[in-house]
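Participant: sequence and predicted structure below; questions after.
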Amino acid sequence: MAGVGTLEEANRFLRGRYIAEFNRKFTVKAAQSATAFRKCGRRDLDLVFSVQTERVVAKHNTVAIGNHQRSWK
């Protein structure tokens, strides 16, 4: 429909026309102008943003996490 036949033409179309049209059509003004973010009072963010699991390394380089086992050779 836009006469796009190559990747380069598609990128030009997206940047030069489509993104602006899309934004005009779907942009909605925020109900409030203030920020929605608030300061985090926690100091243990390394713990909060980590996945910690107990692992067991057995003979023959076998690692078990929960009921799952993996062997590397």
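Facilitator: That came through, no problem.
Participant: list the contacts of residue 21.
Facilitator: If you count contacts by Cβ atoms under 8 Å, 6 or more residues apart in numbering, residue 21 has none. In short, each C-beta sits where N, CA and C put it, glycine included.
Participant: alpha carbons only: can I get stretch 24-37 in CSV?
Facilitator: In CSV, the C-alpha atoms belonging to stretch 24-37 read as follows (Å, rounded to 0.1, in the frame of the first residue of the first chain):
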residue,chain,number,x,y,z
ARG,A,24,-1.1,11.5,16.1
LYS,A,25,-3.8,8.9,16.0
PHE,A,26,-3.1,7.1,19.3
THR,A,27,-1.5,9.6,21.7
VAL,A,28,-3.6,10.4,24.7
LYS,A,29,-2.8,13.2,27.0
ALA,A,30,-2.0,12.2,30.6
ALA,A,31,-4.8,12.9,33.1
GLN,A,32,-2.2,14.4,35.5
SER,A,33,1.0,16.1,34.7
ALA,A,34,2.8,15.0,37.9
THR,A,35,5.2,12.0,37.8
ALA,A,36,3.8,8.6,38.7
PHE,A,37,7.2,7.5,40.1
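Participant: compute the distance between residue 54 and residue 61, please.
Facilitator: 18 Å (Cβ to Cβ, to the nearest Å).
Participant: please read the previous query as pertaining to residue 49.
Facilitator: Residue 49 is 30 Å from residue 61, by Cβ to Cβ.
Participant: which one of the two is surrounded by more residues?
Facilitator: residue 61 (10 against 7; other Cβ atoms under 10 Å).
Participant: quick one, phi psi at the more buried one?
Facilitator: Dihedral angles of residue 61 (phi, psi; degrees, to the nearest 10) stand at phi 60, psi 40.
Participant: let me know the pLDDT of residue 72.
Facilitator: Listed pLDDT for residue 72 reads 60.
Participant: which is the next helix or strand following the helix or strand harbouring residue 11?
Facilitator: Residue 11 belongs to helix 7-13 when elements are defined using DSSP states H and E. Sequence-wise, the next helix or strand downstream of helix 7-13 (DSSP H and E) is helix 19-26.
Participant: ok, residues contacting the next helix-or-strand element following that following helix?
Facilitator: Counting by DSSP H and E, the next helix or strand C-terminal to helix 19-26 is helix 45-48. Contacts to helix 45-48, defined as Cβ under 8 Å, 6+ apart, come from residues residue 42.
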